[in-house]
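K.L.:
Structure for this input, please:
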Amino acid sequence: MTSSTRAAVVADPSHTLLALDFDGTLAHIVDDPTRAYAHPRSVDALARLGTVLGQVAIVTGRPVPQALELGGFVGRPGLERLVIHGQYGAERWDAADGETTRPERPAAIGRLAEVLPSWLAERGAGDARLEDKGLAIAIHTRGIGEGLLDSLAAPLADLARELGLVVEPGRQVIELRAPGHDKGDAVRTLIRDLGARHVVFAGDDLGDLPAYDAVDALRDQGVDGLLICSASAEQDALVARADLVLEGPDAVAGWLEELADDLGV
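P.N.:
As a prediction, the model looks like this:
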């Protein structure tokens, strides 16, 4: 944390937004995404921080139910005001009432679900793992074949255009989802709802770039911002944009603990 932002957050925690990505930031990337549990030290630190910061939020590409299950956030003391923006901001869950809001499943996603298995098989990618998120479908290639994701990128982009969808690339995964929302929108909403004067955002992958853009733009409007990259050998797109580079979820957990210590909680 830069010294100026640290001082601002410690002096004014109630007007601080702390927003974090999930996979690769709070949780290690693993072969089976259903086993990507949040780092327990990070969850403990967030529970401490949730008692003093204006808002703690998770902004993730995962559906809200997955984030809740893998994060162990429900009913956790200290996280009674946690907010989760799932599926790049299309969904929203608030711990205060336990309610989730989400749009209807787009017809284009339903059509994609019908055609994608045979489409992949025709291109020699029938072993790719499909994850239907309801509002998006992710194609996972981790552990399947070197270069498979690269060979699928252009054809999947064409398929997305045909269906009116957008492509969200990630670490050994490509996701096709409906347009109209991204993590930048989620961050702007969180800042507006809190009236935040200070914002800290931590992410690890290309899907976090819109949130980075939002924080950079808000800095020009007088909001104090800190951008954190949870770095990995697989993805370095955020490194040059970040104010602070941490070596993966273990280092993120340590940083969160240090912040809680600074705040005396």
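
K.L.:
For residue 126, give me its contacts.
P.N.:
117, 120 (Cβ atoms under 8 Å, 6 or more residues apart in numbering). Placement of C-beta: from N, CA and C, glycine included.

K.L.:
ok, it to residue 33 distance?
P.N.:
Distance of residue 126 to residue 33, computed by Cβ to Cβ, to the nearest Å: 19 Å.

K.L.:
do residue 47 as well
P.N.:
Distance from residue 47 to residue 33, by Cβ to Cβ: 24 Å.

K.L.:
Near residue 84, how many other residues are there?
P.N.:
For residue 84, the neighbour count with other Cβ atoms under 10 Å is 24.

K.L.:
wait, I meant residue 12
P.N.:
14.

K.L.:
isn't it right up against residue 197?
P.N.:
Yes: between residue 12 and residue 197 there is a contact under Cβ atoms under 8 Å: 6.2 Å.

K.L.:
where along the stretch 1-150 of the chain do the helices fall?
P.N.:
3-11, 40-49, 64-71, 107-122, 148-163 (DSSP state H, counting those that start in this stretch).

K.L.:
Between the ones you listed, which one is closest to residue 80.
P.N.:
helix 40-49 (9.7 Å; Cβ to Cβ).

K.L.:
Mind listing residues that contact the closest one?
P.N.:
For helix 40-49, contacts defined as Cβ under 8 Å, 6+ apart pick out 18, 26, 56, 71-73, 76-79, 82, 249, 252-254, 256-257, 259-260, 263, 265.

K.L.:
name the element residue 254 belongs to?
P.N.:
Using DSSP states H and E, residue 254 maps to helix 248-262.

K.L.:
now the angle from that helix to helix 40-49?
P.N.:
Note on geometry: by axes from the mean of the first three to the mean of the last three Cα atoms, to 10 degrees, helix 248-262 and helix 40-49 are set 30 degrees apart in direction.

K.L.:
could you check the angle helix 3-11 makes with helix 248-262?
P.N.:
Taking the same axes, to 10 degrees, one finds helix 248-262 and helix 3-11 inclined to each other by 60 degrees.

K.L.:
on that earlier part again, show me just the buried residues among the contacts of helix 40-49.
P.N.:
Listed as buried from the contacts of helix 40-49 are 18, 26, 56, 71, 73, 76, 78-79, 82, 249, 252-254, 256-257, 259-260, 263, 265; burial here means 16 or more other Cβ atoms under 10 Å.

K.L.:
Now residue 125: phi and psi?
P.N.:
phi -120, psi 30 (degrees, to the nearest 10).

K.L.:
Got the confidence number for it?
P.N.:
pLDDT recorded at residue 125 is 88.
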